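In: one predicted model, sequence on top.
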Amino acid sequence: MKLIGEKGVKRILMLTAFSAISALLLIALFILNEGLPFIFKYGVKDFLFSSDWNPHLGKYGIYPMIVASLWVTFGALVIGAPLGVAGAFFLTEYVPKSIMRIIKPTIELLAAIPSVVYGFIGVMVLAPLIRNNFGGPGLSLLAASIILGIMILPTVISISIDSIMAVPQSYREGSLALGATTWQTIHMVTVKASKSGIIASIILGMGRAIGETMAVIMVAGNSVNIPHSPLDSVRTLTANIALEMSYATGLHRQALFATGVVLFIGIIILNSIASVVLRKRAVKK
Amino acid sequence: MTEINKVIQNKIAIDKLNLFYGKFQALISVSMPVQEKMITALIGPSGCGKSTLLRSLNRMNDLIHGVKITGSVLLDEIDIYNSSLEVAELRKRVGMVFQRPNPFPLSIYENVVYGLRVAGIRNKKESDEIAEKSLRGAWLWDQVKDKLDHPALELPLDQQQRLVIARLLAVQPEVILMDEPCSALDPIATMKIEELMIELKKDYTIVIVTHNMQQASRVSDFTGYMLMGEMIEFNQTKNIFTNPSKKLTEDYISGKYG
């Protein structure tokens, strides 16, 4: 130890800290370097807003994939956000703390299930269920939304619970002491006081949904088209990259990197919004 | 004590109240009357059970897991623990002011009309009238009338405490419980709250828990001295402070401990 000394230790730790940041920078640089030139060469408008994706004909319009990603994410939120937020309120406001301390980590375990397992369950259980009850191919926008809705639950619930628990107990007591019921207390005071954390939890869940790949490939059907109903088969941006990267060369390969650029920028924007919202809350305290 | 009982109408009658937090007994067979439109003070050293007793009067102890209660608390002859009286209904009649001012993170106006919203009253004109009346009742109207839409948490602490009192007056409770309402305030703000309490006594029955014996002697009509979960002595305030009947009370009053 003496050999390295305090300064040496500090330098080594600094190096490890910077390695994470430099990894991020390298990835960003690499993707931008591979993808951006293509976007400008092909034309931003044609790339983003053309529906024609035919790599063997040199057509690279990712509009259907953008729409599909947005719909799948929206669907995941419609399913996951209300469930997650309601669950968080139930666990914090109605269930004794001792039981909550067991349930919360159990829910967080959902995040530890590999996404391929979610996809597998989607294919084996959910898709047939949809096919038999609502028609269509089963592997669809709806299936992807439901699977992703479940996958974002741990994010939404866990961050919501943290922000609801951060609401001072004195607000609840004050409300109950005025004759309010628990439910009135929740929607008149607690929701307002924990709003920013709940919004942040939903945005982070959204980032998770938009970036998810494996489960989506398995259940969404993957045909390139703009969906007209939730039962249509769709291909998301992430699925597009993963499905075609293995054999793509030349321009095609660059087009996939460009798809990655679009995703990357979208997720960075979402995460920035989430951290701004969360920071605002921290400052208010 | 029985003499007092006979003379004046009891608003609340506490009879042989035992309260357990799990295995720990926080109140031991406490009996005490609370007289209508009087100020009753509870004094005693930290941990003596005075706050617990106060909170058992509007069932705020229900919020704590594992609380067990025996004995009875009668509000206008009705047992608040063993009757069809709903907890929410009870708390509308027996309101509470807490140690630290706890306005909600809403506007001043929304804070005052909170209880009305809880009761389902949304009428603008009625709400405005009650808000003004309540704020006047808590001596806060002149300070806040031009900024009712401002966040309540921007107010100085003493005004926050009076806002919380106004919020309570808006639901027209019969009894106001105060849990060391001045302990977060400076002496001038404390004086103001004490004057307000004496004013409120005209219309409300007040029970106050205080660490501050001078405060009890200044504002209260009756005083109960508690120690280790027991009611050691209950009497008219002037008797407690000038001529306590128990040695324990005398020791506490004269500052031998506590």
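Out: Right, received. Where do you want to start?
In: and chain B, which residues reach chain A?
Out: B:58, B:60, B:63, B:65, B:88-92, B:95-96, B:98, B:100, B:102-106, B:114-115, B:117-119, B:164, B:167-168, B:171 (CB under 8 Å from any CB of the partner chain). Using the backbone N, CA and C atoms, a C-beta is placed for each residue, glycine as well.
In: what's the spatially most central residue of chain B in contact with, if anything?
Out: The centroid of chain B falls nearest to B:Leu177 when counting by CA atoms, centre = their mean (1.4 Å). When contacts are counted by CB atoms under 8 Å, 6 or more residues apart in numbering or on different chains, B:Leu177 touches B:Leu54, B:Arg55, B:Leu57, B:Asn58, B:Val94, B:Gly95, B:Met96, B:Val97, B:Ile206, B:Val207, B:Ile208.
In: who are the contact partners of the fifth one?
Out: So that's B:Val94. B:Leu57, B:Asn58, B:Leu75, B:Pro173, B:Glu174, B:Val175, B:Leu177.
In: quick one: strands adjacent to whichever strand or helix holds B:Ala41?
Out: Using DSSP states H and E, B:Ala41 sits within strand B:39-43. Sheet pairing here is set by DSSP bridges, and for strand B:39-43 it gives strand B:205-209 (parallel), strand B:222-227 (parallel).
In: filter the contacts of B:Leu177 down to just the ones in helices.
Out: Members of the contacts of B:Leu177 lying in helices (criterion: DSSP state H): B:Leu54, B:Arg55.
In: just name the closest of the contacts of B:Leu177 to chain A, please.
Out: Chain A lies nearest to B:Met96 out of the contacts of B:Leu177, by CB to the nearest CB, at 4.1 Å.
In: verify the contact between the closest one and B:Met60 for me.
Out: Yes. With contact taken as CB atoms under 8 Å, B:Met96 and B:Met60 are classed as touching, separated by 6.6 Å.
In: count of residues packed around residue 71?
Out: All of this is about chain A. Close neighbours of A:Trp71, defined as other CB atoms under 10 Å in any protein chain shown, add up to 20.
In: actually it's chain B I care about, not the one you picked
Out: Close neighbours of B:Gly71, defined as other CB under 10 Å, add up to 17.
In: who's in contact with it?
Out: By CB under 8 Å, 6+ apart, B:Gly71 lies in contact with B:Ile14, B:Asp15, B:Lys16, B:Leu17, B:Asn18, B:Ser29, B:Val30.
In: show the pLDDT at B:Thr2.
Out: According to the prediction, B:Thr2 has pLDDT 48.
In: also B:Ile188?
Out: 89.
In: now the one 4 residues further on
Out: pLDDT recorded at B:Lys192 is 90.
In: quick one: contacts for the closest residue to A:Leu83 other than its chain neighbours?
Out: Leaving aside its chain neighbours, A:Leu83 sits nearest to A:Leu153 (6.4 Å; criterion: CB to CB, 6 or more residues apart in numbering or on different chains). By CB under 8 Å, 6+ apart, A:Leu153 lies in contact with A:Gly80, A:Leu83, A:Gly84, A:Gly87, A:Ile107, A:Leu110, A:Gly205.
In: so who does the residue most central in space within chain A touch?
Out: Geometric centre of chain A, nearest residue: A:Arg208, 1.7 Å, by CA atoms, centre = their mean. The neighbourhood of A:Arg208, defined by CB under 8 Å, 6+ apart, consists of A:Leu148, A:Met151, A:Ile152, A:Thr155.
In: let me see the confidence value for it.
Out: pLDDT, A:Arg208: 91.
In: is chain B contacted by stretch A:85-102?
Out: Yes. Stretch A:85-102 reaches chain B (CB under 8 Å from any CB) through A:Pro96, A:Lys97, A:Ser98.
In: setting aside sequence neighbours, what's the nearest residue to whatever residue of the stretch 1-150 of chain A ends up closest to chain B?
Out: Closest to chain B within the stretch 1-150 of chain A is A:Pro96: 5.4 Å, counting by CB to the nearest CB. Leaving out its chain neighbours, the residue that sits closest to A:Pro96 by CB to CB, 6+ apart is B:His65, at 5.4 Å.
In: how about the strands in the stretch 1-150 of chain B?
Out: With strands called from DSSP state E, counting those that start in this stretch, the stretch 1-150 of chain B shows them at B:10-21, B:24-35, B:39-43, B:67-75, B:78-79, B:94-97.
In: the residue nearest to B:Ile78 when sequence neighbours are not counted: what's it in contact with?
Out: Of all residues not flanking B:Ile78 in the chain, B:Leu85 sits nearest, at 6.0 Å (CB to CB, 6+ apart). Counting by CB under 8 Å, 6+ apart, B:Leu85 touches B:Leu75, B:Ile78, B:Asp79.
In: for those, which one is nearest chain A?
Out: B:Leu75 (13.9 Å).
In: what's the burial count for the closest one?
Out: Neighbours around B:Leu75, by other CB under 10 Å: 22.
In: one more: the one 3 residues further on?
Out: Using other CB under 10 Å, B:Ile78 has 13 neighbouring residues.
In: residue contacts, the residue nearest to A:Pro96?
Out: Neighbours of B:His65 in contact, by CB under 8 Å, 6+ apart: A:Pro96, A:Lys97, A:Ser98.
In: what's near enough to touch the second one?
Out: Looking back up the chat, that one is A:Lys97. A:Lys97 neighbours (CB under 8 Å, 6+ apart): B:His65.
In: pLDDT score for it?
Out: So A:Lys97 comes in at 86 (pLDDT).
In: before we move on, the earlier item: most neighbours, which of the contacts of A:Arg208?
Out: Among the contacts of A:Arg208, the one with the most neighbours (other CB under 10 Å) is A:Leu148, at 31 neighbours.
In: what lies in contact with the host helix or strand of that residue?
Out: Assigned by DSSP H and E, A:Leu148 belongs to helix A:141-151. Among residues not part of helix A:141-151, those counted as contacts by CB under 8 Å, 6+ apart are A:68, A:71-80, A:83, A:110, A:115, A:118-119, A:121-122, A:126-127, A:130, A:134, A:208-209, A:212, A:215-216, A:219-221, A:227, A:229-234, A:236.
In: right, I'll call it a day here.
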